[in-house]
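Undergrad: Sequence first, predicted coordinates after that:
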Protein chains: 4
Amino acid sequence: MNTNHAERCPNPLDELRDKLRQFAADRDWDQFHSPKNLAMALSVEAAELLEHFQWMSEAESASLTPENRGKVREELADVFLYLIRIADKLGIDLPSAAADKIAVNAAKYPVGKSRGSSKKYNDI
Amino acid sequence: MNTNHAERCPNPLDELRDKLRQFAADRDWDQFHSPKNLAMALSVEAAELLEHFQWMSEAESASLTPENRGKVREELADVFLYLIRIADKLGIDLPSAAADKIAVNAAKYPVGKSRGSSKKYNDI
Amino acid sequence: MNTNHAERCPNPLDELRDKLRQFAADRDWDQFHSPKNLAMALSVEAAELLEHFQWMSEAESASLTPENRGKVREELADVFLYLIRIADKLGIDLPSAAADKIAVNAAKYPVGKSRGSSKKYNDI
Amino acid sequence: MNTNHAERCPNPLDELRDKLRQFAADRDWDQFHSPKNLAMALSVEAAELLEHFQWMSEAESASLTPENRGKVREELADVFLYLIRIADKLGIDLPSAAADKIAVNAAKYPVGKSRGSSKKYNDI
């Protein structure tokens, strides 16, 4: 009997990954889901998110109307779903990739040099 | 004493969110992290992912070299981190937004009508 | 003898199109230049432009340093070149397509209803 | 009296630039047209172009149906219009920027080394 803590815990990413697998299988969509095409779809969804903010001031973007917030929530979901799907197709674990990248970024942007600055790492 | 199952489970999204909050606080970067700017950064990272695939065939994109796979893993991580960050700034829960969107998509793309077709929902 | 005015005039778009054809032919790159791939490359270049502005305020974006302006000029050029290239591959004349689109936009956004408003046409 | 050849020639880019200036002035839209916002809009339009191709094979993208070709033509026009608009706001001449970039690319991608290869310049 498995009493491992992590394995007993539901992982929202794994659940969504499995739902997306089923969704594609039910519709015979795996034929379209090459990483190349999924990367395109992810970029398209990221731009749909961007569209909501393009004529807003930064301050307006931080206090959305309920209607806009609902639309933005849907776009975030779309980006998330394609991200999970492409990671699945490539066999990449998102949380560990993200944790590794935070460590890389911490080295690129040492607190002392980057505090209060938006400069890119190769310019600091 | 709280014995609720879900609350005892470590949630990778919450952990990453907290790390990103700390990362920004340490560097005084919240001043740059308006949802508008974060949506731009997310789009830029999605395009960096896209760049890896732009001249590949679909088949090539599905069998990356270890070197390319490592680079793609980093880009997926960047997209994921900005996605978590913007969702945090807007107070949006990604897993529930994603689950809701899967339900919306299931209604938009009924199995019978969309099987084997890549048409957009308003064309089926 | 051809005395037609427009035909005697050098057209910068035609000249760039011809240079890009030669550039691709010299390198045997037409095999990579499907409209699908060129649209990806165009999107990637648009995001590289976006990257320059992501942490700037709107006011800062309107008064670039000479160094930033030089980099932005290169990104605009990249977008322009891929735009000319994809239009060439699809046999689309950019100036006439653009003139037609301005007319469409004028109908979508009548002066009276859209004055001073950034709302999308289906919301006005 | 000015008899300079180039100055007598109608330049399609200048004509479109002037139409866009008038379009924005009529609607009091210059307040929204910071380079930052225009770069966002350009990226969004580039992604709308991308969307048309995301599930197509490369071969399909090269032989569009008349309906799809018409839609793609509109997206190319949108990208072109925002490109002209941002270049105008930044005082950048697109044809000369593009000619300069072709020269840069020719140096980055010497024919001998890049023939038949889609590798990036820093990998050849």
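TA: Cool, the structure landed.

Undergrad: Now for A:D93: which residues touch it?
TA: A:A87 (Cβ atoms under 8 Å, 6 or more residues apart in numbering or on different chains). In this view, the C-beta of every residue, glycine as well, is placed from N, C-alpha and C.

Undergrad: same thing with A:A87?
TA: Residues in contact with A:A87, defined by Cβ under 8 Å, 6+ apart, are A:17, A:93-94, A:97, B:76.

Undergrad: If we ignore the residues flanking it in sequence, what's nearest the residue in chain A that chain D sits nearest to?
TA: Distances between chain A and chain D by Cβ to the nearest Cβ are smallest at A:A47, namely 3.1 Å. In this structure, A:A47 finds its nearest non-sequential neighbour in D:A47, 3.1 Å apart by Cβ to Cβ, 6 or more residues apart in numbering or on different chains.

Undergrad: quick one: the one you found and C:V44 touch, right?
TA: No. With contact defined as Cβ atoms under 8 Å, D:A47 does not reach C:V44; the gap is 10.9 Å.

Undergrad: Settle it for me: which of those two has more neighbours?
TA: Neighbours per residue (other Cβ atoms under 10 Å in any protein chain shown) separate D:A47 from C:V44, with D:A47 holding more: 30 against 25.

Undergrad: Give me every residue in contact with stretch A:38-47, excluding its own residues.
TA: A:75, A:78-79, A:82-83, A:85-86, A:89, B:39, B:42-43, B:46-47, B:49-50, B:52-53, B:61, B:79, C:40, C:43, D:43-44, D:46-48, D:50-51, D:53-54.

Undergrad: Drop anything exposed from those residues.
TA: A:75, A:78-79, A:82-83, A:85-86, A:89, B:39, B:42-43, B:46-47, B:49-50, B:52-53, B:61, B:79, C:40, C:43, D:43-44, D:46-48, D:50-51, D:53-54 (16 or more other Cβ atoms under 10 Å in any protein chain shown).

Undergrad: which parts of chain A sit against chain D?
TA: With the criterion set to Cβ under 8 Å from any Cβ of the partner chain, chain A comes near chain D through A:32, A:37, A:40-41, A:43-44, A:46-48, A:50-51, A:53-55.

Undergrad: returning to that earlier point: helix B:35-53 and the helix or strand the residue of chain A closest to chain D falls within, what's the angle between them?
TA: For A:A47, the host element (DSSP states H and E) is helix A:35-53. Helix A:35-53 runs at 160 degrees relative to helix B:35-53, counting by axes from the mean of the first three to the mean of the last three Cα atoms, to 10 degrees.

Undergrad: does A:P10 sit in a helix, a strand or a coil?
TA: Under DSSP: H, G, I helix; E, B strand; the rest coil, A:P10 falls in the coil class.

Undergrad: and the closest residue to it other than its chain neighbours, how many residues sit next to it?
TA: Nearest residue to A:P10, sequence neighbours excluded (Cβ to Cβ, 6+ apart): B:C9, at 6.9 Å. Using other Cβ under 10 Å, B:C9 has 16 neighbouring residues.

Undergrad: What's the first helix or strand after the lowest-mean-pLDDT helix or strand in chain A?
TA: When the helices and strands of chain A are scored by mean pLDDT, DSSP states H and E, helix A:5-8 comes last with a mean of 60. Toward the C-terminal end, the helix or strand that comes next after helix A:5-8 (DSSP H and E) is helix A:12-27.
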